[in-house]
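**Student:** sharing a model that was predicted from the sequence below.
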Amino acid sequence: MSRRAEIQLTPEEQRDLIESERIVVVSTIGPRRWPHSMPLWYVTREGEIWIYTYAKSQKVRNLERDPRATLLVEAGHEYHELRGVEIESVAEIHRETDTVYELARELTARYAGGAQVDEAQAEALRAQARKRVAVRFEPKRVASWDHRKLDRSY
């Protein structure tokens, strides 16, 4: 077995990492053909990562031009702790206010520790939804690693 294969995360480990971490770095292709990488909050739906952002943001403009994106979710501080998932994906931009609003509610609840969105928050999220989009990333290829699986006896 190759060293690369030894440190891959299982599908369950990938899911656990993605669901436990709070930041995804989304890399798109910018207008000058350079990578444009941004850290974002996210939610998962049926194993796919979704983000919520301004409709006029650079990342959305990039995805309108070219829907390919690479996502990175990682954890660890020291080399032997590093683990992560890199997902090559195709983005689907959703502009429907109800879709954007529902994602905003999910995102708000997730980052508020699961607290329910109250009426005032819901009204604010509905107003914001008109200027924002929801983006679903359909995974095409996944690479993963977990340096905790490395033999450190050397």
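**Tutor:** Received, thanks.
**Student:** low pLDDT regions in this structure?
**Tutor:** Counting by pLDDT under 70, the chain contains low-confidence ranges at 1, 152-154.
**Student:** mind running it again at 50?
**Tutor:** Segments of the chain classed as low confidence (criterion: pLDDT under 50) are 154.
**Student:** strands along that one, start to end?
**Tutor:** Along the chain, the stretches classed as strands by DSSP state E are 24-29, 35-40, 43-45, 48-54, 68-75, 83-94, 132-146.
**Student:** roughly how far out does the longest one sit from the chain middle?
**Tutor:** Spelled out, it's strand 132-146. Computed by CA atoms, centre = their mean, to the nearest Å, the separation of strand 132-146 from the middle of its chain amounts to 6 Å.
**Student:** using CSV, write out every CA atom in that strand.
**Tutor:** This file holds the C-alpha atoms of strand 132-146, laid out as CSV (Å, rounded to 0.1, in the frame of the first residue of the first chain):
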residue,chain,number,x,y,z
ARG,A,132,-27.2,37.3,-1.7
VAL,A,133,-26.9,33.9,-3.4
ALA,A,134,-26.7,30.3,-2.2
VAL,A,135,-24.0,28.2,-3.9
ARG,A,136,-24.0,24.4,-4.0
PHE,A,137,-20.8,22.6,-4.8
GLU,A,138,-21.1,19.3,-6.5
PRO,A,139,-18.0,17.2,-5.8
LYS,A,140,-16.2,15.7,-8.8
ARG,A,141,-12.9,14.5,-7.2
VAL,A,142,-11.8,14.3,-3.5
ALA,A,143,-8.4,14.0,-2.0
SER,A,144,-7.9,13.6,1.7
TRP,A,145,-5.1,13.2,4.2
ASP,A,146,-4.7,12.5,7.9
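**Student:** can you pull the buried residues of that strand?
**Tutor:** For strand 132-146, a neighbour-count test (16 or more other CB atoms under 10 Å) marks Arg132, Val133, Ala134, Val135, Arg136, Phe137, Ser144, Trp145, Asp146 as buried. C-beta: built from backbone N, CA, C; applies to glycine.
**Student:** chain neighbours aside, what residue packs nearest to the residue nearest the centre of the chain?
**Tutor:** For the chain, Val24 is the residue whose C-alpha lies nearest the centre (CA atoms, centre = their mean; 4.1 Å). Of all residues beyond its chain neighbours, the one nearest Val24 is Tyr42 (4.7 Å), with distances taken as CB to CB, 6 or more residues apart in numbering.
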